[in-house]
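Q: structure for the following, please:
(one chain, ligands or ions: 1)
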Amino acid sequence: MNREMTSSFLLLTFAICKLIIAVGLNVGPSELLRIGAIDVDGHFTVHPSDLASVSSDFGMLKSPEEPLAVLHPSSAEDVARLVRTAYGSATAFPVSARGHGHSINGQAAAGRNGVVVEMNHGVTGTPKPLVRPDEMYVDVWGGELWVDVLKKTLEHGLAPKSWTDYLYLTVGGTLSNAGISGQAFHHGPQISNVLELDVVTGKGEVMRCSEEENTRLFHGVLGGLGQFGIITRARISLEPAPQRVRWIRVLYSSFKVFTEDQEYLISMHGQLKFDYVEGFVIVDEGLVNNWRSSFFSPRNPVKISSVSSNGSVLYCLEITKNYHDSDSEIVDQEVEILMKKLNFIPTSVFTTDLQYVDFLDRVHKAELKLRSKNLWEVPHPWLNLFVPKSRISDFDKGVFKGILGNKTSGPILIYPMNKDKWDERSSAVTPDEEVFYLVALLRSALTDGEETQKLEYLKDQNRRILEFCEQAKINVKQYLPHHATQEEWVAHFGDKWDRFRSLKAEFDPRHILATGQRIFQNPSLSLFPPSSSSSSAASW
Ligand code: FAD
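A: Alright, predicted model coming up:
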């Protein structure tokens, strides 16, 4: 054994001793040594830098709590072996899948008695995306980044239909929430575009599920916040990939006209329609320089004052039309026809044209810019809300024109979606109306900035926004939810709570999985003994 291996081994033994103490003496050292590197094809690590790297997330809001160990799996069976051991031990210990750690509130953490499964940084051996052009789908490992799924499918001239704005997120991570962007009005969220999953349940079984097989598990896992299983494979539906994108932004000073146009655009589903509909709120000129504004290049500057907002709030509609090179003449005509129906400020049209892949990967460019200025790894007290259409103008008055004041510290997205594109059987929660809006307050906090940029100030604003919605009886639902008590979770799930709880009892009875979401009580308090489990392992 060389020096590095010896020190790794010692660290591992130390962590295992801590784990034995943490989970109770009934867990035998040999059992834990099995988790600790011997029986998996991937590997476990307790290296301080690995523990540190999985113990904070994009939000940077909580003090990091290091887990006992990290598993870098090379297969679903590696994940299953770990979960079976956790499930079979006298006092179950937490196992959390971590995608790319882009959560805000520690949702992918496992706590100090748990083990984190690094799904994205598996070892060589995790299956590569497998594209089936004849069947129009791709099979991907749960820890695959969407950007890599895109690259692989483009080799076949194909691409997934529904996206997130940012592609450095994992398939398992976004499918555990919903996965939304400007295509969702037409294609539904990413969870509406999945054909089949392989899932390691909280009993350590590898189960295949789809619309036809293990249906309850399939729908439960989609939007299920990691509560019923770790997604190790997803089969994603594909379409022929467009080659280019006409990307247009137009401004509005009237919220009513802005939302009427957005709602009109998302009601179109025929051939002649925009392919992506989003929007954002501009309460200060700072937005032009913020991290989503790579659109406005120095050659294409935006002078907000030039569209005479008189210091009041402006709204920017963002739309795209996809096309193939061979259709470049038709696209001009189509865009012209579609734009004629809209009522934006006539002098406020900003257009750019780029490759499809560059459009989808647009936020990454902004990330690189912010990283170079040390402005990426800062606290992000993000708040994402689904607001019912019938109350969006009250939200505008109370929040955009009220609570926010005239400084935002980051982009504020707003765009509507059609509920009929969401499968009610999934675990994702949306308001009870046919059309609802995403309002995403994507703010960054600075320690050395103005008062309005400080973390406490922004957190307090978030609290006031939620309080305002409650008092005004605007039935918002949090997207990427974070709740402090089980009562709040029950209210969040509403009608879906009973099914959610019964799925938990069936597929993760010892509350091992995704404890960082804090929906169910800590596993060390979960005392019912494990029942014998039959493994229906699926391979692919
Ligand atoms: P993690 O944060 O690592 O995990 C999230 C949760 O899922 C955890 O509870 C974890 O335990 C669980 N999990 C992770 N992998 C698996 C798995 N394989 N099986 C089961 N459970 C798993 N979201 C959108 O919908 N649209 C957007 O446009 C969008 N843009 C974003 C832009 C940025 C810059 C960032 C930071 C986030 C954005 N998000 C967006 C939010 C994103 O969808 C969530 O952060 C999501 O959690 C995915 O991140 P992740 O892959 O890093 O998962």
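Q: list the helices and strands the one helix or strand residue 77 maps to packs on?
A: For residue 77, the element it lies in under DSSP states H and E is helix 76-88. Helices and strands touching helix 76-88, by 3 or more Cβ pairs under 8 Å, 6 or more residues apart in numbering; DSSP states H and E, are helix 29-33, strand 69-72, strand 95-98, strand 115-118, strand 194-201, strand 206-210, strand 229-240. (Each C-beta comes from the backbone N, C-alpha and C, glycine too.)
Q: pick the most buried one from the ones you listed.
A: The highest average neighbour count among the helices and strands packed on helix 76-88, using mean count of other Cβ atoms under 10 Å, belongs to strand 95-98 at a mean of 29.
Q: tell me how far that strand lies from the chain's centre.
A: Put simply, strand 95-98 sits 15 Å off its chain's centre (Cα atoms, centre = their mean, to the nearest Å).
Q: model confidence over that strand, on average?
A: Averaged across strand 95-98, pLDDT comes to 97.
Q: can you tell if that strand touches the ligand?
A: Yes - applying Cβ under 6 Å from any ligand atom, one finds that strand 95-98 is in contact with the ligand at 96, 97, 98.
Q: just name the closest of those residues to the ligand, please.
A: Nearest to the ligand out of these is residue 97 (Cβ to the nearest ligand atom; 3.6 Å).
Q: got a list of what that closest one touches?
A: 79, 108, 116-117, 119, 142-143, 172, 226, 230-231, 513-514 (Cβ atoms under 8 Å, 6 or more residues apart in numbering).
Q: same question for residue 215.
A: 209, 425 are the contacts of residue 215 under Cβ under 8 Å, 6+ apart.
Q: how near is it to residue 229?
A: 14 Å (Cβ to Cβ, to the nearest Å).
Q: check residue 212 too.
A: 18 Å.
Q: which parts of the stretch 51-200 of the chain are helices?
A: 76-88, 146-154, 171-175, 184-187 (DSSP state H, counting those that start in this stretch).
Q: tell me the most buried of those?
A: Highest mean neighbour count among the helices of the stretch 51-200 of the chain (mean count of other Cβ under 10 Å): helix 171-175, a mean of 28.
Q: thinking again about what came up before, save the helices and strands packed on helix 76-88 as TSV, and put in distance to residue 416 too.
A: Formatted as TSV, the helices and strands packed on helix 76-88 follow (distance: least, Cβ to Cβ, whole Å):
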stretch	distance to residue 416
helix 29-33	51
strand 69-72	40
strand 95-98	31
strand 115-118	36
strand 194-201	23
strand 206-210	30
strand 229-240	22
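Q: tell me which of those sits nearest to residue 320.
A: Closest of those to residue 320 is strand 229-240, at 15.0 Å (criterion: Cβ to Cβ).
Q: and the stretch 1-150 of the chain, which of its residues are near the ligand?
A: 58, 96-103, 107-108, 119, 142.
Q: next SSE downstream of the helix or strand harbouring residue 461?
A: Using DSSP H and E, residue 461 falls within helix 455-471. Remark: after helix 455-471, the chain's next helix or strand is strand 477-478, criterion DSSP H and E.
Q: and that following strand, which strands flank it?
A: strand 383-388 (antiparallel) (DSSP bridges).
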